[in-house]
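**Student:** sequence and predicted structure, then a few things I'm wondering about:
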Amino acid sequence: MSRIILHVDMDYFYAAIEEREDLSLKGKAVVVCMYSNRGEEGGAVSTCNYTARDAGIHSAMPCRLAKAVKPDAVFLPVRKQLYSEVSERIMEIIRSYADNDGELFEKLGIDEVFLEVTATSGGDLDKAQQIAQSIKDDVKELEDLTCSVGIGPNKIIAKMASSRQKPDGITVIREDEVDGFLRKMPVAKLWGIGKVTEEKLAGMGIDIVEDLAGRDVQELISVFGKTRGTWLKMAASGIDDDPVKEKTSSDQIGRMASLTHDTRKSDLVLSLLDELLDDVFSKVTARSVSFRSITITVIYSNFKTVTKSHTLNHPIAEKAVLREVSYKIMGELLDSSTVNIRRIGVRVGNLHENKGQKTLAEFF
Ligand code: TTP
Ligand code: CA
């Protein structure tokens, strides 16, 4: 069965958060600026809403110029901390839809992510589209923000599909549509091709994707080397086997699972938590690492997602500590809501390799 990959990209992310935080901004052009040490005159546009884009403002434009283009726009300084917090919550919402208990999930930036839904959708694109709609509904309901989703048989196609209908769209590219989707596209639009490659390709008379796909792989290898040359040929042909894999997974070990039915009975929740702790701890032991942070995620039956972390003052690899902290956090989460729980997760992070010293666990 071919894979089904979703790419979710938030719409005008920083500016959308600012709009949501201050309702008086509705209907106005909103520009978020990264001011330099030369003050308000020296900064560049980080992003702006679509009203400002219609006036010709775009990312990386000098703020001074943006002001000249649209003097009545509202200019705001970036609030990175706020955007990061919103991003973390959104990522947890989206992760809950990824296959393998949230493992087939790959954050690509502060506002975009890949997830695989081949198993959850049973390989059915209509179901995948419903999953995309549920993600959009959850993000809208819980964070009052919109996003656009691309659905395709691999990461490259999903990534390029998400920008097809922006803002607030869903674009599905079926396997038999990949060729038509790519064929007439300028090579620079192929995700992974930058300015340098674009210019080299232009020098070879290659301007659109079908030109690239039609070239002999040996010719591409002779110019770009084996890895890159092969990649160019494959990508232009719509082939991409790159797995959806969390880049930070080497610094985190986690598991998520659904309860057999939605509940807030602590014995049922804690018994599932015990299973997850066993699994996470066996991976910790197998990798011979210690951890400093412990994070519990709870997804309620209304899809609201809460994560709570605890950071230890030094790395440790003891199951008793992991269990005690996890139980404490889970107890607090159970006490703080009356809503039933659908899924839970536990994750340890900030990993350190156990060099030489034995962990307590190895003595038992
Ligand atoms: P993007 O996803 O590129 O842009 P966006 O979310 O603002 O708009 P779109 O609807 O087209 O997706 O970038 C995500 C965030 O990253 C953006 O909100 C602000 C930040 N950013 C910068 O700070 N500088 C930049 O040059 C770009 C492109 C983005
Ligand atoms: Ca975006």
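**Tutor:** That came in fine, so what should we check first? Ligands and ions are numbered 1, 2, ... in the order given.
**Student:** any idea how far stretch 115-126 is from the chain center?
**Tutor:** Computed by C-alpha atoms, centre = their mean, to the nearest Å, the chain-centroid distance of stretch 115-126 equals 17 Å.
**Student:** quick one: average confidence on it?
**Tutor:** For stretch 115-126, mean pLDDT is 96.
**Student:** do you know how far residue 18 is from ligand 2?
**Tutor:** To ligand 2, residue 18 is 14 Å away according to C-beta to the ion, to the nearest Å. No exception for glycine: its C-beta is placed from N, CA and C like everyone else's.
**Student:** again, but for residue 123
**Tutor:** 28 Å.
**Student:** excluding its backbone neighbours, what's nearest that residue?
**Tutor:** When the adjacent residues along the chain are set aside, residue 123 lies closest to residue 1, with 4.5 Å between them (C-beta to C-beta, 6 or more residues apart in numbering).
**Student:** again, but for residue 105
**Tutor:** Nearest one to residue 105, counting by C-beta to C-beta, 6+ apart, is residue 98 at 4.1 Å.
**Student:** the residue nearest to residue 123 against residue 118, yeah?
**Tutor:** Yes - applying C-beta atoms under 8 Å, one finds residue 1 in contact with residue 118, separated by 6.6 Å.
**Student:** of these two, who's got more company?
**Tutor:** Ranked by neighbour count (other C-beta atoms under 10 Å), residue 1 and residue 118 place residue 118 first, with 19 against 7.
**Student:** from what I can see that one touches residue 3, true?
**Tutor:** Yes - between residue 118 and residue 3 there is a contact under C-beta under 8 Å: 4.9 Å.
**Student:** how much space separates the residue most central in space within the chain from residue 149?
**Tutor:** Nearest to the mean C-alpha position of the chain, by C-alpha atoms, centre = their mean, lies residue 113 at 2.3 Å. Distance, residue 113 to residue 149, using C-beta to C-beta, to the nearest Å: 10 Å.
**Student:** same check, this time on residue 101
**Tutor:** 21 Å.
**Student:** for those two, indicate the residue with more neighbours.
**Tutor:** Shown here are residue 101 and residue 149; by other C-beta under 10 Å, residue 149 has more neighbours (26 against 18).
**Student:** other SSEs contacting the helix or strand harbouring the more buried one?
**Tutor:** Assigning secondary structure by DSSP states H and E places residue 149 in strand 147-152. Judged by 3 or more C-beta pairs under 8 Å, 6 or more residues apart in numbering; DSSP states H and E, strand 147-152 is in contact with strand 5-10, helix 125-143, helix 155-162, strand 170-172.
**Student:** let me know which of these is tucked in deepest.
**Tutor:** strand 5-10 (a mean of 26; mean count of other C-beta atoms under 10 Å).
**Student:** is ligand 2 within reach of it?
**Tutor:** Yes - against ligand 2, strand 5-10 shows contacts by C-beta under 5 Å from the ion at 9, 10.
**Student:** strand partners of that strand, parallel vs antiparallel please.
**Tutor:** strand 112-116 (antiparallel), strand 147-152 (antiparallel) (DSSP bridges).
**Student:** any idea how far the nearest residue to residue 95 once chain neighbours are set aside is from residue 255?
**Tutor:** The shortest distance from residue 95 to any non-neighbouring residue, by C-beta to C-beta, 6+ apart, is to residue 102 (4.4 Å). Distance, residue 102 to residue 255, by C-beta to C-beta: 8 Å.
**Student:** next, show the common contact partners of those two.
**Tutor:** residue 345 (C-beta atoms under 8 Å, 6 or more residues apart in numbering).
**Student:** tell me which of those two has more neighbours.
**Tutor:** Counting neighbours by other C-beta under 10 Å for residue 102 and for residue 255 shows that residue 102 has the greater number, 23 against 19.
**Student:** that older thread, which residues do residue 113 and residue 149 both contact?
**Tutor:** Common neighbours of residue 113 and residue 149 (C-beta under 8 Å, 6+ apart) are 7, 8.
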